[in-house]
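Enquirer: Pasting the sequence and the predicted model now:
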Amino acid sequence: AHLTLATQRPVQLITEAPTGAAPQPDVIRLRTGVTHDGEVVACEMQVISNAGAHTHNQLNLQTAAVNALTLYNAPYSRFLCDLVYTNTLPAYLKRSGQQLTYAIEAHMEGIAAKLGLNVIEFKRRNWIKEDDISVVVAANSPQPLATNGLDLCVQTGMEELGWPAKRGKPRHVDGQPHRKRGIGMALSSTAPQPGSMSVATVQLNEDGLFTIQCGDVGDNTALAQLAAEALGVSVRDIRIGAPIDTDVTPFDGGTPYTIAGAVVDACTQLRQYIVNYVAANLFGGTSPADVKLSGRAVTHTDGRSETLDVVGWHSLYQPQRTQLTATASFASEAAPAFAAHFAEVIVDTYTGQITVERLLTAVDSGRVINPMLAAEQTEALMLAALCDAVGSGGFHANEVPEMEVVFVQTDEPSGIFRVKAVGAVPADGIAPAVLSAIHDATGMLLTSLPVTPERLWRALQPATS
């Protein structure tokens with residue numbers, strides 16, 4: 001801005017990541033046992049992970065592997081991993097979920113092709129179902145899967161894109177037979193990291209408003225909505241405290257999902273504390289069962305009522321002074337979110353150029369609290385994942401494909417207000433969906449990322465020469 005004002009001319013700011021800061025690639029090997037009729041009975045995943053000069057990715061990699069292997073839930077599953085220290089700059093964000101999901105989805109796509117099976121029916125037969133217990137986490141979390149909207153996610157995507165009329169049908173751009181069209185599909189799942197835990201504190205102020213202190217998640221609107229629902233007040237009555245020194249904010253070692261859980265639990269406790277306080281100190285020792293908090297007032301069944309600003313002031317300045325506050329912690333539950341990803345592409349077989357025309361992601365994330373924010377997050381993750389998939393540093397506005405997000409809502413009993421953690425599930429399946437579409441267009445199944453034009457062109461040479 002200063003340069004623009006000083007020069008009275010447009011100024012372009014160009015930033016570059018330092019060499020080596022890109023996510024280091026992992027080497028992933030899969031061995032899968034499949035019956036002749038297409039039942040997956042065993043799966044082994046071996047990963048050699050480039051950890052850079054130091055590693056902080058053990059838990060992320062383990063969680064990504066659990067998510068990938070749980071998706072098809074083979075009765076006999078094994079995960080082996082070596083973290084290798086290398087003299088390179090570690091990535092700020094290691095995208096293990098995308099890499100492992102790409103590997104297993106490419107693997108399943110190849111198996112279906114080898115067996116001559118419909119790829120969706122093959123995956124449908126084998127993906128984890130409701131009431132199944134995840135084989136890879138059964139020792140620590142033996143609860144059966146309560147909800148899984150994958151079937152509806154896949155059906156929605158197929159209908160929206162006209163899958164039956166396109167998949168497996170040779171198609172090309174009119175007048176340009178070398179520019180072939182393809183459509184693809186991939187699945188992904190993600191659950192909160194095991195052991196994730198967050199703490200939140202909420203208090204009633206003298207002005208009758210509530211202040212929440214918690215780890216910074218950057219999603220204050222959704223947190224305010226959850227808090228307002230738990231307290232029985234308006235979103236306008238909620239303030240999210242500004243993030244300050246981590247030495248004095250409540251502990252946070254979790255995710256936005258666990259922060260939200262801690263906020264809801266703290267608000268639920270505080271709501272009861274307020275009712276108890278008013279019953280004892282403002283309504284003459286009446287039973288709390290006759291008192292309720294709703295809106296900006298605490299009311300008695302006999303018609304008496306006190307506003308929250310009076311309650312807040314009374315608690316701080318009358319003889320029985322007390323800060324009406326509550327603190328709660330929340331640890332993650334193993335309630336995975338699921339998604340089905342669809343892609344339509346045009347592949348130029350002369351040059352290897354890949355044009356992604358359309359992306360659709362159908363997400364099962366339980367009940368969606370704020371559909372607009374959830375859709376924005378999902379679209380952003382889809383675009384970022386597409387950049388990783390095709391080796392692009394970014395897209396100009398006119399290069400961004402048509403993107404669509406559909407939420408398939410399920411009622412997850414273990415979730416906060418029946419929600420699930422969306423997490424990175426919208427990103428993890430984009431690359432394998434593009435791979436699947438390229439496979440449909442060209443018959444070529446690539447197993448390495450990114451899918452650059454040069455890499456695809458070289459792969460196509462034996463088939464076109």
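Expert: Happy to help now that I have it.
Enquirer: Tell me, how many residues neighbour the residue nearest to Gly33 when sequence neighbours are not counted?
Expert: Among residues not flanking Gly33 along the chain, Ala42 sits closest, at 3.7 Å (CB to CB, 6 or more residues apart in numbering). (C-beta placed from N, C-alpha, C; glycine too.) Using other CB atoms under 10 Å, Ala42 has 13 other residues around it.
Enquirer: His341: what's it in contact with?
Expert: Gly157, Met185, Ala186, Leu187, Ser188, Leu359, Leu360, Thr361, Gly429, Ile430, Pro432, Ala433 (CB atoms under 8 Å, 6 or more residues apart in numbering).
Enquirer: of those, closest to Val278?
Expert: Thr361 (46.9 Å; CB to CB).
Enquirer: show me the contacts for the closest one.
Expert: Thr361 neighbours (CB under 8 Å, 6+ apart): 339-342, 378, 382, 403-406, 426, 429-430.
Enquirer: Could you give the bridge partners of it?
Expert: His341, Val405 (DSSP bridges).
Enquirer: how close does it get to Thr35?
Expert: Per CB to CB, to the nearest Å, Thr361 is found 31 Å from Thr35.
Enquirer: Same check on Leu71?
Expert: For Leu71, the distance to Thr35 - CB to CB - is 18 Å.
Enquirer: Have a look at those two and say which one is more surrounded.
Expert: Using other CB under 10 Å, the more surrounded residue of Leu71 and Thr35 is Leu71, with 27 against 9.
Enquirer: how much distance is there from the one helix or strand Ser198 maps to to the middle of the chain?
Expert: Ser198 is part of strand 197-204 when elements are defined by DSSP states H and E. Mean C-alpha position of strand 197-204 versus that of the full chain (CA atoms, centre = their mean, to the nearest Å) differs by 23 Å.
Enquirer: quick one: contacts of it?
Expert: Here strand 197-204 has contacts from 210-215, 227, 250-255, 258-259, 261-263, 265-267, 270, 274, 308, 311-312, 315, 323-332, using CB under 8 Å, 6+ apart.
Enquirer: Mind listing what's buried along the least confident helix or strand in the chain by mean pLDDT?
Expert: The helix or strand of the chain with the poorest confidence is helix 58-72; it has a mean of 79 (mean pLDDT, DSSP states H and E). Applying a neighbour-count criterion of 16 or more other CB atoms under 10 Å, the buried positions in helix 58-72 are 60-72.
Enquirer: Tell me the helices and strands packed up against it.
Expert: strand 40-52, strand 76-85, helix 96-115, strand 176-190 (3 or more CB pairs under 8 Å, 6 or more residues apart in numbering; DSSP states H and E).
Enquirer: returning to what we had before: now pLDDT and distance to Ala389 too, for the contacts of Thr361, in a markdown table please.
Expert: Below are the contacts of Thr361 laid out as a markdown table (pLDDT from 0 to 100; distance: CB to CB, whole Å):
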| residue | pLDDT | distance to Ala389 |
| --- | --- | --- |
| Ala339 | 94 | 15 |
| Ala340 | 96 | 16 |
| His341 | 97 | 11 |
| Phe342 | 98 | 14 |
| Thr378 | 91 | 16 |
| Met382 | 93 | 10 |
| Met403 | 95 | 14 |
| Glu404 | 96 | 17 |
| Val405 | 95 | 17 |
| Val406 | 95 | 20 |
| Pro426 | 85 | 13 |
| Gly429 | 93 | 10 |
| Ile430 | 95 | 6 |
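Enquirer: Show the subsequent helix or strand relative to the longest helix seen in the chain.
Expert: For the chain, the longest helix by residue count, based on DSSP state H, is helix 256-281. Once the chain leaves helix 256-281, the next helix or strand it forms, by DSSP H and E, is strand 291-294.
Enquirer: Could you list the residues in contact with that next one?
Expert: Taking CB under 8 Å, 6+ apart as the rule, strand 291-294 contacts 231-233, 271, 274-275, 278-279, 283, 298-301, 308.
Enquirer: Enumerate the positions of it that are buried.
Expert: Those buried within strand 291-294 under the rule 16+ other CB under 10 Å are Val291, Leu293.
Enquirer: can you put the contacts of strand 291-294 in CSV and add distance to Ala459?
Expert: Below are the contacts of strand 291-294 laid out as CSV (distance: CB to CB, whole Å):
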residue, distance to Ala459
Leu231, 58
Gly232, 60
Val233, 59
Arg271, 60
Ile274, 65
Val275, 67
Val278, 71
Ala279, 73
Phe283, 76
Val298, 69
Thr299, 71
His300, 75
Thr301, 74
Leu308, 66
